[in-house]
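S.K.: Here is the input, now give the coordinates:
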Amino acid sequence: MIALALHVDYWDYIGWQDAFALPEHAERQRTYARQAGRRSIYTPQMIINGVDSIVGARGMEISEAIMAHKSQITGVAVTARRAGDQVLISAQASGSSAGPMDVLLVRYTELSDVKITRGENAGRHLSYANVVQSWERVAEWSGQTTLSVEAGLSGDAPAVVLIQAAGTGPIVAATRLD
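M.R.: Residues are numbered from 1 along each chain as shown. Alright, predicted model coming up:
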């Protein structure tokens, strides 16, 4: 399981702007909502494996969804390794796995402690885990051939590689780069 936090900017108007929020994170959430036929978005929300949308405070539902997805076989295997300022990504699909699929490189910060100065949480210190800093599509893949991609990856911040059905479909493979 790779948990990632995509902070959104649509609450900025209430008095405190989240320093980690990116407009593209809110747009990604809106896209998931549209695909699910919903007209509204909310926080805290979890999207499990690119498919299930669950209120973040519903721990049992989240656990059940994770276990259900864990037992599914996708037929896609991905590996990735650092080589200097590059990441070398390989993937293979078996069976009926077919694209288009997006190959995504996601950079994140493992732990960030923040003092909240305004808004409803003013005066509190919060610790955020796995805060996404960038979400980059590095390739599109059909799944019909072996994938071999190089992408820029400077610095030593952690990253993950995701293979997701094009757009915001199911995540079919993931690996962590430490």
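S.K.: What ranges does this structure have for its strands?
M.R.: Taking DSSP state E as the test, the strands found in the chain are 45-48, 52-55, 76-83, 86-93, 101-115, 125-141, 147-152, 159-165, 171-177.
S.K.: Can you give me the buried ones in the longest one?
M.R.: Read it as strand 125-141. Judged by neighbour count using 16 or more other CB atoms under 10 Å, the buried positions of strand 125-141 are 128, 130, 131, 132, 135, 138, 139, 141. C-beta here means a position set from N, CA and C on the backbone, and glycine is covered the same way.
S.K.: same thing with the third one?
M.R.: Neighbour counts using 16+ other CB under 10 Å place 76, 78, 80 of strand 76-83 among the buried residues.
S.K.: doesn't residue 177 make contact with the last one?
M.R.: I take that to be residue 80. Yes - the pair residue 80 and residue 177 passes the contact test of CB atoms under 8 Å, sitting 5.6 Å apart.
S.K.: Please enumerate the shared neighbours of those two.
M.R.: Common contacts of residue 80 and residue 177 (CB atoms under 8 Å, 6 or more residues apart in numbering): 87, 161.
S.K.: and residue 101, how many neighbours?
M.R.: Per other CB atoms under 10 Å, the neighbour tally for residue 101 reads 26.
S.K.: can you check residue 8 too?
M.R.: The burial count for residue 8: 22, using other CB under 10 Å.
S.K.: Check residue 141 and give its pLDDT.
M.R.: Looking at residue 141, its pLDDT reads 96.
S.K.: Could you verify my assumption that it touches residue 104?
M.R.: No - Residue 141 is not in contact with residue 104 according to CB under 8 Å; the separation is 10.8 Å.
S.K.: who touches both of those two?
M.R.: residue 163.
S.K.: just to revisit the earlier point, what is the nearest of the buried residues of strand 125-141 to residue 54?
M.R.: When the buried residues of strand 125-141 are compared for distance to residue 54 (CB to CB), residue 130 wins out at 17.3 Å.
S.K.: one step back: so which of the buried residues of strand 125-141 is the closest to residue 24?
M.R.: Using CB to CB, residue 135 comes nearest to residue 24 of the buried residues of strand 125-141, at 6.9 Å.
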